[in-house]
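A.B. asks: Okay, here's the prediction I keep looking at, along with the sequence it came from:
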Amino acid sequence: MKDLFLPLQIGEDYEKYEWNLEILICEEVPMCDKYLWVGSKVNKIFSLKPSITKVIFYWDRLEVVIHEFDNKHRTAYNKLNDDLSKNFSTLSNEDLKDGIIINKFFMDKIGYWSLYLPSTNKIKLIYFSNSFPYTNNLIDSILNI
């Protein structure tokens, strides 16, 4: 499925990206392979440039992409969500403990979640296949940092 603005496409085969990946330990998601993207630089996503990008494959199929943005404040998070809401339907907005905010968007068979982690001034943009069986495990591991 071709995405509007994101460089890595959910559903692609591992072989397409294998030379651009460095293996990571994947404790939070069983039966999956997690990698650090070390390929060509990921350009800006809307107005933000990711500090790091991680990908998760399930049965050699790209299921999850996690873009992390360091040293970003709430205003950058709000701008990202404004841009996302112009392209996707908003499912929900949740305020969690410790000031963590999650905005959930949806398009076709892909979920897009933006998270703001104020204790670390990080923004995470996670997009994943709605059929990925371990989404909750992944989000729980991110929120327990």
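C.D. replies: Happy to help now that I have it.

A.B. asks: Which residue ranges of this structure form helices?
C.D. replies: Taking DSSP state H to define them, one finds helices in the chain at 14-17, 74-87, 135-143.

A.B. asks: Remind me what the longest one packs against, helices and strands.
C.D. replies: The elements that helix 74-87 packs onto, with contact taken as 3 or more C-beta pairs under 8 Å, 6 or more residues apart in numbering; DSSP states H and E, are strand 101-107, strand 110-117, strand 122-129. Glycine gets a C-beta too; all of them are placed from N, C-alpha and C.

A.B. asks: how far does the last one sit from the chain's center?
C.D. replies: Computed by C-alpha atoms, centre = their mean, to the nearest Å, the separation of strand 122-129 from the middle of its chain amounts to 2 Å.

A.B. asks: Over it, what's the mean pLDDT, rounded is fine.
C.D. replies: What strand 122-129 shows for mean pLDDT is 94.

A.B. asks: Quick one: low-confidence residue ranges for the chain.
C.D. replies: For the chain, applying pLDDT under 70 flags the ranges 1-5, 145.

A.B. asks: so what's I139 closest to, chain neighbours aside?
C.D. replies: Excluding the flanking residues, the one nearest I139 by C-beta to C-beta, 6 or more residues apart in numbering is W113, at 7.3 Å.

A.B. asks: residue contacts, that neighbour?
C.D. replies: Going by C-beta atoms under 8 Å, 6 or more residues apart in numbering, W113 touches I102, N103, K104, F105, L125, I126, Y127, F128, I139.

A.B. asks: Which strand residues bridge the residue most central in space within the chain?
C.D. replies: Closest residue to the average C-alpha location of the chain: I126 at 1.7 Å, with C-alpha atoms, centre = their mean. Judged by DSSP bridges, the bridge partners of I126 are I66, W113.

A.B. asks: still on that earlier bit, could you say which one of the helices and strands packed on helix 74-87 comes nearest to T53?
C.D. replies: strand 122-129 (9.6 Å; C-beta to C-beta).
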